[in-house]
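K.L.:
just need the structure, nothing else, for what follows:
(one chain, ligands or ions: 1)
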Amino acid sequence: MTPTTHTVILGAGLMGRLLSLALLERGHRVDLYDAHGADAKGSAAWVAAAMLAPMAESAITEMSVVQMGRHGLLRWPKLIDALPEPVFFQQKGSLILWHAPDRHEARRFHQLMDQTHAREPSLDKAQVLNAQEIEALEPTLAQRFQKGLFLPSEGQLDNQQLLMALGRALYHHEAKGALSLHWHEARSLEDFALNAPGSGKAIRLFDCRGLGAKAQWAALRGVRGEVIRLHAPGVDLLRPTRLIHPRYPLYIAPKENDLYVIGATEIEVEDSSEASVRSTLELLSAVYSLHPGFAEGRIVQMNTQNRPTLTDNLPCMDVSRPSVMKLNGLYRHGFLIAPAMLDCALEWVDSQSLALSETFGLKVLLP
Ligand SMILES: Cc1cc2nc3c(=O)[nH]c(=O)nc-3n(C[C@H](O)[C@H](O)[C@H](O)COP(=O)(O)OP(=O)(O)OC[C@H]3O[C@@H](n4cnc5c(N)ncnc54)[C@H](O)[C@@H]3O)c2cc1C
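P.N.:
Take a look at the predicted model:
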């Protein structure tokens with residue numbers, strides 16, 4: 001692929017924005033289409049909590065996602081530094097807590113993380129904390145929990161700030177004439193002949209439509225997630241906290257300016273209607289049980305989206321069709337693994353190499 005190749009990218013959510021910028025920076029001319037607007041509110045990425053937690057997620061996913069997540073934690077600061085406006089990124093670790101009746105589930109979670117650590121010792125080993133150690137890390141939780149676990153290297157970012165900053169960077173390229181942005185224009189692969197009209201140049205098509213690609217990728221499904229954003233100045237949590245619960249794993253991710261993202265439900269149904277009363281009650285009562293100061297918080301957003309998920313719940317890079325690359329199945333790990341997916345995609349674009357994909361164990365569909 002040469003810099004003069006005409007590149008079309010479908011989907012300006014998380015993957016599409018990152019990939020567009022990377023290709024523009026390599027000198028490509030890009031047409032970017034999205035079914036929704038520049039505010040990214042049509043994407044799963046807008047709704048996410050953007051936790052970057054490879055070790056905690058290892059309890060529910062495969063090593064390939066964990067390895068990509070480790071790469072992501074290293075890559076995000078560089079990707080964010082290159083953006084024209086600041087994006088909140090934090091790597092102060094994450095805390096795992098539970099109420100006494102849920103200690104058996106906590107033990108199982110701990111054992112699973114220890115198994116991951118035995119396979120990949122470069123990842124955090126979960127540190128067991130007593131009440132004083134919890135208080136030292138999170139003074140606002142003093143006297144509330146007797147035991148906890150700490151993963152010192154885990155991180156998070158502000159997804160909505162990131163999407164806006166990526167959008168701003170794209171506008172710079174549009175102003176220079178290298179990028180054409182097509183908002184509110186839903187497209188399918190079939191809309192493009194694989195030759196750029198009139199130019200005689202090869203066209204390269206990237207499909208980053210998440211669940212919007214379902215009509216052309218039958219294995220895709222949506223997994224519903226509901227998230228609440230609270231403004232709670234009375235709480236003062238410093239880092240993301242997971243509350244172990246037998247029915248719904250809950251996390252509370254403190255962003256800037258006393259904002260907290262409370263999430264997320266995970267329901268096996270494709271439905272992006274508003275948050276249900278049940279989910280809202282469960283999320284808010286769990287967060288109140290962590291700290292009563294949340295009772296005076298203000299609900300600033302309640303969002304629902306479907307996570308784009310393949311049958312095995314793992315991501316995939318599909319290059320089986322000439323001149324087309326599909327990146328999809330990021331499921332609940334998009335922010336964790338997007339930098340790794342991006343680097344695998346760029347390696348293929350630049351040199352038709354799969355070395356990095358093989359290192360991570362990313363599933364690749366070849367011709
Ligand atoms: C509730 C919830 C919580 C989450 N929490 C986390 C978390 O803590 N950590 C983490 O790592 N990940 C999290 N995720 C997952 C993450 O948000 C997704 O994995 C990620 O957004 C997927 O990126 P994507 O670019 O593939 O899809 P999306 O971000 O959904 O973007 C797809 C884009 O394609 C566009 N589109 C759709 N159809 C068309 C069409 N026909 N033509 C043109 N454009 C189209 C859409 O408008 C959208 O902008 C969460 C997700 C949800 C829903």
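
K.L.:
could you chop the chain up by domain?
P.N.:
Structural domains assigned to the chain are 6-47+160-217+312-365, 51-159+221-306, following automatic domain parsing.

K.L.:
out of these, the one nearest the ligand is which?
P.N.:
Minimum separation from the ligand across those (C-beta to the nearest ligand atom) falls at domain 6-47+160-217+312-365, 1.8 Å. The way it works is simple: take the backbone N, C-alpha and C, and place the C-beta from them, glycine included.

K.L.:
is any residue of that closest one near the ligand?
P.N.:
Yes: Domain 6-47+160-217+312-365 is in contact with the ligand by C-beta under 6 Å from any ligand atom, via 10-16, 33-36, 40, 42-45, 47, 186-187, 208-210, 212, 328, 330-336.

K.L.:
mind jotting down where the helices sit in the stretch 251-367 of the chain?
P.N.:
277-290, 334-351, 355-360 (DSSP state H, counting those that start in this stretch).

K.L.:
touching the ligand at all, the first one?
P.N.:
So the one you mean is helix 277-290. No: contact of helix 277-290 with the ligand is not found when judged by C-beta under 6 Å from any ligand atom; the minimum separation is 10.6 Å.

K.L.:
other SSEs contacting that helix?
P.N.:
Counting by 3 or more C-beta pairs under 8 Å, 6 or more residues apart in numbering; DSSP states H and E, the packing neighbours recorded for helix 277-290 are strand 221-231, strand 241-243, strand 250-254, strand 259-263.

K.L.:
next, format those strands as JSON lines and append mean pLDDT and distance to residue 157.
P.N.:
JSON lines is the format used below for the helices and strands packed on helix 277-290 (pLDDT from 0 to 100; distance: least, C-beta to C-beta, whole Å):
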{"stretch": "strand 221-231", "mean pLDDT": "98", "distance to residue 157": "15"}
{"stretch": "strand 241-243", "mean pLDDT": "96", "distance to residue 157": "16"}
{"stretch": "strand 250-254", "mean pLDDT": "94", "distance to residue 157": "9"}
{"stretch": "strand 259-263", "mean pLDDT": "96", "distance to residue 157": "11"}
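
K.L.:
pipe the ones you listed into CSV and attach mean neighbour count and distance to the ligand per row.
P.N.:
Shown next, in CSV, are these (neighbours: other C-beta atoms under 10 Å; distance: least, C-beta to the nearest ligand atom, whole Å):
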stretch, mean neighbour count, distance to the ligand
strand 221-231, 21, 3
strand 241-243, 24, 11
strand 250-254, 24, 7
strand 259-263, 24, 5
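
K.L.:
right, and the ones you listed - which one's nearest residue 103?
P.N.:
Proximity to residue 103, assessed across the helices and strands packed on helix 277-290 by C-beta to C-beta, is greatest for strand 241-243 (12.8 Å).

K.L.:
how about low-confidence regions in the chain?
P.N.:
Residues of the chain meeting the criterion pLDDT under 70: 1-5, 194-202.

K.L.:
which residues touch stretch 73-91?
P.N.:
18, 52, 54, 153-158, 161-162, 164-166, 168-169, 172, 239, 255-256, 339-340, 343 (C-beta atoms under 8 Å, 6 or more residues apart in numbering).

K.L.:
with respect to burial, which of the helices of the stretch 251-367 of the chain scores highest?
P.N.:
helix 334-351 (a mean of 22; mean count of other C-beta atoms under 10 Å).

K.L.:
now for it, which elements pack on it?
P.N.:
Partner elements for helix 334-351 (3+ C-beta pairs under 8 Å, 6+ apart): helix 14-25, helix 44-47, strand 51-52, helix 63-81, strand 316-318, strand 324-328, helix 355-360.

K.L.:
can we see that at 6 Å?
P.N.:
With contacts defined as 3 or more C-beta pairs under 6 Å, 6 or more residues apart in numbering; DSSP states H and E, helix 334-351 has these neighbours: helix 14-25, helix 63-81, helix 355-360.

K.L.:
tell me if the longest one is near the ligand.
P.N.:
No: where contact is defined by C-beta under 6 Å from any ligand atom, no part of helix 63-81 touches the ligand; the two come within 7.9 Å at best.

K.L.:
which parts of that helix are buried?
P.N.:
Buried residues in helix 63-81, counted by 16 or more other C-beta atoms under 10 Å: 64-73, 76, 79-80.

K.L.:
let me know the closest of the residues you listed to residue 272.
P.N.:
For the buried residues of helix 63-81, the residue nearest residue 272 by C-beta to C-beta is residue 65; the value is 23.8 Å.

K.L.:
need the contact list for the closest one.
P.N.:
residue 333 (C-beta atoms under 6 Å, 6 or more residues apart in numbering).

K.L.:
still on that earlier bit, and the contacts of stretch 73-91, which are buried?
P.N.:
Of the contacts of stretch 73-91, these count as buried by 16+ other C-beta under 10 Å: 18, 52, 54, 153-158, 161-162, 164-166, 169, 239, 255, 339-340, 343.

K.L.:
which of the residues you listed fall in helices?
P.N.:
18, 54, 161-162, 164-166, 169, 339-340, 343 (DSSP state H).

K.L.:
now tabulate those in CSV and tack on distance to residue 130.
P.N.:
Compiled in CSV, these are given as follows (distance: C-beta to C-beta, whole Å):
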residue, distance to residue 130
18, 41
54, 25
161, 35
162, 36
164, 41
165, 40
166, 42
169, 45
339, 35
340, 36
343, 40
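
K.L.:
show me where the stretch 101-250 of the chain has strands.
P.N.:
With strands called from DSSP state E, counting those that start in this stretch, the stretch 101-250 of the chain shows them at 127-130, 147-151, 155-157, 179-182, 203-207, 221-231, 241-243, 250-254.
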